[in-house]
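A.B. asks: sequence and predicted structure, then a few things I'm wondering about:
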Amino acid sequence: MTRRGTTFFAAAVLVAATAVVGTAQQEFIEALRAKAEQGDAEAQYNLGLMSANGGGVPQDDVEAVRWFGAGRRGDL
């Protein structure tokens with residue numbers, strides 16, 4: 001395989017791997033959100049952290065406070 005072919009192959013593998021990781025992360029976040037909406041305090045806390053730091057979801061301080069408050073009160 002030529003150098004150009006090797007570079008193209010490596011780039012294609014990287015793009016495919018990123019898509020798989022992105023899909024798995026999105027599925028995890030959706031499952032976490034479902035638990036949080038059902039009142040799971042740990043899930044609410046974790047979504048609060050993710051929202052505060054922009055980890056896997058857009059950084060949003062208002063959303064972070066909402067989830068932290070729901071987790072503390074045990075509601076949504």
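C.D. replies: Received it, and whenever you're ready, just let me know what you need.
A.B. asks: in the chain, where is pLDDT below threshold?
C.D. replies: 1-21, 71-76 (pLDDT under 70).
A.B. asks: rerun that using 80 as the cut-off
C.D. replies: The model of the chain has pLDDT under 80 over residues 1-22, 70-76.
A.B. asks: all helices of it, in order?
C.D. replies: 3-37, 41-53, 61-73 (DSSP state H).
A.B. asks: so which bits of the second one are buried?
C.D. replies: For helix 41-53, burial by neighbour count (16 or more other CB atoms under 10 Å) applies to Ala43, Gln44, Tyr45, Asn46, Leu47, Gly48, Met50, Ser51, Ala52. Heads up, the C-betas are built off the backbone N, CA and C, glycines and all.
A.B. asks: go through those and name the one nearest Leu32.
C.D. replies: Ala43 (5.2 Å; CB to CB).
A.B. asks: OK, contacts around the closest one?
C.D. replies: Shown in contact with Ala43 (CB atoms under 8 Å, 6 or more residues apart in numbering): Leu32, Arg33, Lys35, Ala36.
A.B. asks: those: which two are farthest apart?
C.D. replies: For the contacts of Ala43, with distances taken as CB to CB, the pair at the greatest spread is Arg33 and Lys35 (7.4 Å).
A.B. asks: number of nearby residues for the closest residue to Gln25 other than its chain neighbours?
C.D. replies: Of all residues not flanking Gln25 in the chain, Gly56 sits nearest, at 5.7 Å (CB to CB, 6 or more residues apart in numbering). Around Gly56 there are 15 other residues, counting by other CB atoms under 10 Å.
A.B. asks: now do Gly39
C.D. replies: Gly39: 13 neighbours (other CB under 10 Å).
A.B. asks: dihedrals phi and psi, it?
C.D. replies: phi 100, psi 10 (degrees, to the nearest 10).
A.B. asks: what's the answer for Gly55, then?
C.D. replies: phi -90, psi 100.
A.B. asks: for it, give me its contacts.
C.D. replies: Leu49.
A.B. asks: against Phe68, how distant is it?
C.D. replies: 14 Å (CB to CB, to the nearest Å).
A.B. asks: cool, thanks, talk later.
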